[in-house]
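Colleague: need a structure here:
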Amino acid sequence: MQTDPDFDSLLPANRLDRRGFLLTATAAGFALATHPVSAQTMIHTDDAGLRTGTDMLDTGTGALPLYYAAPAQGGPHPVVLVVQEIFGVHEHIRDVCRRLARLGYLAIAPELYFRQGDPGKYDNIPTLLKEIVSKVPDEQVMSDLDMTVAWAAGHGGNTARLGITGFCWGGRIVWLYAAHNAKLKAGIAWYGRIRGEASALSPRHPIDIVGELKAPVLGLYGAQDQGIPAADAEAMGAALKAAGKKGEVVVYPDAGHAFHADYRPSYREGPAQDGWQRLQAWLKTNGV
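Modeller: Numbering: from 1, shown residues only. A predicted model of the protein is given here:
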């Protein structure tokens, strides 16, 4: 198993042994590859007063699993799609759905890798990327998200008020979906890759489709991100202005990648909380 050399320094205060900590975190719904998990900063949102659950959506090429959360009363509620990190729809992504539900949204996280495999079974990030993530076609993801929106319309969602947010892998998808769906009102992309090599499955990247954006996107990035240069984020902001598109890119000087992931050591409370406030304002300002 691939482990972090600083793993032991990141164990919770009660000092579970390595095996016990892994078992506890996995039972809580995290992929093995996300370890070490930081118990000190992990945020938990309960489902009191919410309607939460799972469903299976027939896509015609398999059953797409969904996790959803919404206020228990009222409706129809505005809809926010929540797009996973490379690790899939684990407990942190489900918690984000519950946080959005507490704000009055029907939040839905589809398992977008379900045809390729289960990311929760991987303990090695390079292998996860090679065997699952790299095999997921952008076109397939766009189609699955469209079908998720259709599901929402029949399950208490007001899809005339549609938003999307995503993290890491999902942050890139937010930009692409904003160029894909003309009915989208707003997107919030958390540290999603902006540039990349073209391939048959991922022919274009966010910087390539700025002129096609149909909805305003807020991009949230960390200047210390080792995978996404701050210059890329700044170039995206400049491209939005040059194309006359409504959008904004925020770069946090002291944050790296995954600064919103409160279950990981990468979490940075200040930028994460500021980004969450910006997310709420962005959704409201743009009619979600």
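Colleague: Let me see the ranges of the strands in the stretch 101-250 of the chain.
Modeller: Per DSSP state E, counting those that start in this stretch, the stretch 101-250 of the chain carries strands over the ranges 106-110, 157-167, 186-190, 217-222, 247-252.
Colleague: What residues of the helix or strand just after the last one count as buried?
Modeller: This means strand 247-252. Stepping forward along the backbone from strand 247-252, the first helix or strand reached (DSSP states H and E) is helix 269-285. By neighbour count, and taking 16 or more other C-beta atoms under 10 Å as the criterion, the buried residues in helix 269-285 are 271, 272, 274, 275, 276, 279, 282, 283. For glycine as for every other residue, the C-beta is placed from the backbone atoms N, C-alpha and C.
Colleague: What score does the residue nearest to residue 123 when sequence neighbours are not counted have for pLDDT?
Modeller: Once flanking residues are discounted, residue 123 sits nearest to residue 32: 3.8 Å by C-beta to C-beta, 6 or more residues apart in numbering. Per-residue confidence for residue 32 comes out at a pLDDT of 84.
Colleague: Count the neighbours of residue 32 for me.
Modeller: Burial of residue 32, expressed as a neighbour count using other C-beta atoms under 10 Å, amounts to 19.
Colleague: what do you get for residue 129?
Modeller: Look at residue 129: counted by other C-beta under 10 Å, it has 16 neighbours.
Colleague: can you check residue 107 too?
Modeller: The burial count assigned to residue 107 is 30, neighbours taken as other C-beta under 10 Å.
Colleague: What residues does it make contact with?
Modeller: Shown here is residue 107, whose contacts under the criterion C-beta atoms under 8 Å, 6 or more residues apart in numbering are 68, 69, 70, 79, 80, 81, 82, 96, 97, 98, 100, 101.
Colleague: how far is the host helix or strand of the fourth one from where the chain is centred?
Modeller: If I follow you right, that is residue 79. When secondary structure is defined by DSSP H and E, residue 79 falls within strand 77-83. Distance, stretch centre to chain centre, for strand 77-83: 11 Å (C-alpha atoms, centre = their mean, to the nearest Å).
Colleague: which residues are in contact with it?
Modeller: Here strand 77-83 has contacts from 70-71, 93, 96-97, 100, 104-110, 112, 145, 148-149, 152, 156-159, 161-167, 169-171, 173-174, 177, 283, 288, using C-beta under 8 Å, 6+ apart.
Colleague: Going by neighbour count, which of these are buried?
Modeller: Burial by neighbour count, judged by 16+ other C-beta under 10 Å, picks out 70-71, 93, 96-97, 100, 105-110, 112, 145, 148-149, 152, 156-159, 161-167, 169-171, 173-174, 177, 283, 288 from these.
Colleague: Many thanks, we can stop here.
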